[in-house]
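Enquirer: kindly return the folded structure for what I paste below:
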Amino acid sequence: MTPQELLRLHPFFAGLSPGDVDKLAARASCRRIPGGRLLFHKNAPGDGLYGVLSGRIAFTMTSPEGKTLTLNTLGSGEFFGEIALLDGKGRSAAAVAREASLLLFIPRDEFLTFVRARPDTMLHIISVVCGRLRRSTEYIADAAFLELPQRLAKQLVLLLDGERKSQDAELRISHAELASMLGVSRERVSRQLANWQAQRTLDQGRGRIVVRNVGALQRLARGFE
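Expert: All right, here's what the predicted structure looks like:
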């Protein structure tokens, strides 16, 4: 995947002309991160936007008692760091490479120079951010009101979005990572996944889940058995 191909995948830059995509890519650089390496801490300076050309990056928060919550895991074709990119404040979570990764990096000052000359792009970015805030509000409500099977189904459907919700879509994620995303024990997630495996909704392997019946998860995510 080239930097230009990656940039075209980000909702922020939807509608940019090929020439503008090239100009933005010229302001970016590539960074190689070894597996297991911490990319930045929570509250580290928000110095720019990252895109994943290859590899996998996880985002975590740690409580004062030392408990770690995995907020999300991103792979090739996905971006992170938008909040700090826009407000210039500290990172909202820590980021660590789950495997060797190649990242595209756009410095904040270069990004701001680019969008100041393109007010329509900035208005589009505001719209995208508002949509994400609405989804965050929904996530909080889900944690309060939904039972685990529906919450887990919604999380899997969300992760499958990058797989176009196709049949036999594979997710490279562990039970522990899913449990951390939902704030529940790994054992509860494992039991539910085992139930779905018995129903032939999905199959499992080490660090991966292969969804065989995406429609079944989508129905459960919407609240239909």
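
Enquirer: going forward, measure contacts and count neighbours with C-alpha atoms only.
Expert: Noted.

Enquirer: next one: phi and psi at residue 189?
Expert: phi -60, psi -40 (degrees, to the nearest 10).

Enquirer: residue 219 versus that one, what's the distance?
Expert: Noted for residue 189: a distance of 19 Å to residue 219, by Cα to Cα, to the nearest Å.

Enquirer: and the two? Which one has more around it.
Expert: Between residue 189 and residue 219, counted using other Cα atoms under 10 Å, residue 189 has the larger neighbour count: 21 against 14.

Enquirer: so that one touches residue 175, yeah?
Expert: Yes - counting by Cα atoms under 8 Å, residue 189 does reach residue 175; the two are 6.4 Å apart.

Enquirer: with only the CA atoms kept, save stretch 149-166 in PDB.
Expert: What follows is stretch 149-166, C-alpha atoms only, in PDB (Å, rounded to 0.1, in the frame of the first residue of the first chain):
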ATOM      1  CA  PRO A 149     -23.700 -11.300  23.800                       C
ATOM      2  CA  GLN A 150     -25.100  -8.200  22.100                       C
ATOM      3  CA  ARG A 151     -22.100  -6.000  23.200                       C
ATOM      4  CA  LEU A 152     -19.700  -8.600  21.900                       C
ATOM      5  CA  ALA A 153     -21.600  -9.000  18.700                       C
ATOM      6  CA  LYS A 154     -21.600  -5.200  18.100                       C
ATOM      7  CA  GLN A 155     -17.800  -5.100  18.800                       C
ATOM      8  CA  LEU A 156     -17.100  -7.900  16.300                       C
ATOM      9  CA  VAL A 157     -19.300  -6.200  13.600                       C
ATOM     10  CA  LEU A 158     -17.500  -3.000  14.200                       C
ATOM     11  CA  LEU A 159     -14.100  -4.700  13.800                       C
ATOM     12  CA  LEU A 160     -15.400  -6.400  10.700                       C
ATOM     13  CA  ASP A 161     -16.200  -3.100   9.000                       C
ATOM     14  CA  GLY A 162     -12.700  -3.100   7.400                       C
ATOM     15  CA  GLU A 163     -13.400  -6.600   6.100                       C
ATOM     16  CA  ARG A 164     -16.500  -5.300   4.200                       C
ATOM     17  CA  LYS A 165     -18.600  -7.700   6.400                       C
ATOM     18  CA  SER A 166     -17.900 -10.500   4.000                       C
END
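
Enquirer: which parts of stretch 89-103 are buried?
Expert: 90-103 (16 or more other Cα atoms under 10 Å).

Enquirer: next, format those residues as JSON lines and append pLDDT, secondary structure and distance to residue 24.
Expert: Converted to JSON lines, the buried residues of stretch 89-103 look like this (pLDDT from 0 to 100; DSSP: H, G, I helix; E, B strand; the rest coil; distance: Cα to Cα, whole Å):
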{"residue": "90", "pLDDT": "87", "secondary structure": "coil", "distance to residue 24": "23"}
{"residue": "91", "pLDDT": "89", "secondary structure": "coil", "distance to residue 24": "23"}
{"residue": "92", "pLDDT": "84", "secondary structure": "coil", "distance to residue 24": "25"}
{"residue": "93", "pLDDT": "88", "secondary structure": "coil", "distance to residue 24": "26"}
{"residue": "94", "pLDDT": "92", "secondary structure": "strand", "distance to residue 24": "26"}
{"residue": "95", "pLDDT": "93", "secondary structure": "strand", "distance to residue 24": "24"}
{"residue": "96", "pLDDT": "94", "secondary structure": "strand", "distance to residue 24": "26"}
{"residue": "97", "pLDDT": "95", "secondary structure": "strand", "distance to residue 24": "25"}
{"residue": "98", "pLDDT": "91", "secondary structure": "strand", "distance to residue 24": "27"}
{"residue": "99", "pLDDT": "93", "secondary structure": "strand", "distance to residue 24": "27"}
{"residue": "100", "pLDDT": "95", "secondary structure": "strand", "distance to residue 24": "25"}
{"residue": "101", "pLDDT": "96", "secondary structure": "strand", "distance to residue 24": "21"}
{"residue": "102", "pLDDT": "96", "secondary structure": "strand", "distance to residue 24": "18"}
{"residue": "103", "pLDDT": "97", "secondary structure": "strand", "distance to residue 24": "15"}
